[in-house]
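Peer 1: Predicted model follows, preceded by the sequence.
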Amino acid sequence: MKRILVIDESEIVRETLALILGREFAVSKRTLGAQGLSFADSQDAVDLLILGVSPQHGLGVPQALTRFASQLPLACALSG
């Protein structure tokens, strides 16, 4: 079964995505946290990362996301 990791500061967003996607995928949820992105406890192998980041988390997001994505078997980075 494909694994999806949902990281978002909103519990409602995490729960909604887990409810919708959980029918066909194994969904793990993590809070974004007050200090921003922290992937240290994300040792689970995932096939898809859904990341919700508000602008207030600043410039550290791309670096932390790049470090995390480099651990995935296939990484693709999109920036807007």
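Peer 2: Looks like it came in fine.
Peer 1: Can you verify my assumption that residue 10 contacts residue 52?
Peer 2: Yes - counting by CB atoms under 8 Å, residue 10 touches residue 52, with 6.9 Å between them. Just so you know, the C-beta spots here come from the backbone N, C-alpha and C atoms, and that holds for glycine as well.
Peer 1: how about the strands in this protein?
Peer 2: 3-7, 26-30, 48-51 (DSSP state E).
Peer 1: Can you find the helix or strand in the protein with the smallest mean pLDDT?
Peer 2: helix 60-69 (a mean of 65; mean pLDDT, DSSP states H and E).
Peer 1: what number of residues lie near residue 14?
Peer 2: Applying other CB atoms under 10 Å, we find 21 other residues in the vicinity of residue 14.
Peer 1: Just the pLDDT for the nearest residue to it once chain neighbours are set aside.
Peer 2: Ranked by CB to CB, 6 or more residues apart in numbering and with sequence neighbours excluded, the top spatial neighbour of residue 14 is residue 29, at 4.3 Å. Residue 29 is assigned 91 on the pLDDT scale.
Peer 1: Contact partners for residue 29?
Peer 2: Residues counted as contacts of residue 29 (CB atoms under 8 Å, 6 or more residues apart in numbering) are 5-7, 14-15, 17-18.
Peer 1: what would those residues look like in a markdown table with distance to residue 25 and pLDDT?
Peer 2: Listed next are the contacts of residue 29 as a markdown table, based on distance: CB to CB, whole Å; pLDDT from 0 to 100:
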| residue | distance to residue 25 | pLDDT |
| --- | --- | --- |
| 5 | 10 | 89 |
| 6 | 10 | 89 |
| 7 | 15 | 84 |
| 14 | 14 | 93 |
| 15 | 15 | 96 |
| 17 | 10 | 94 |
| 18 | 9 | 96 |
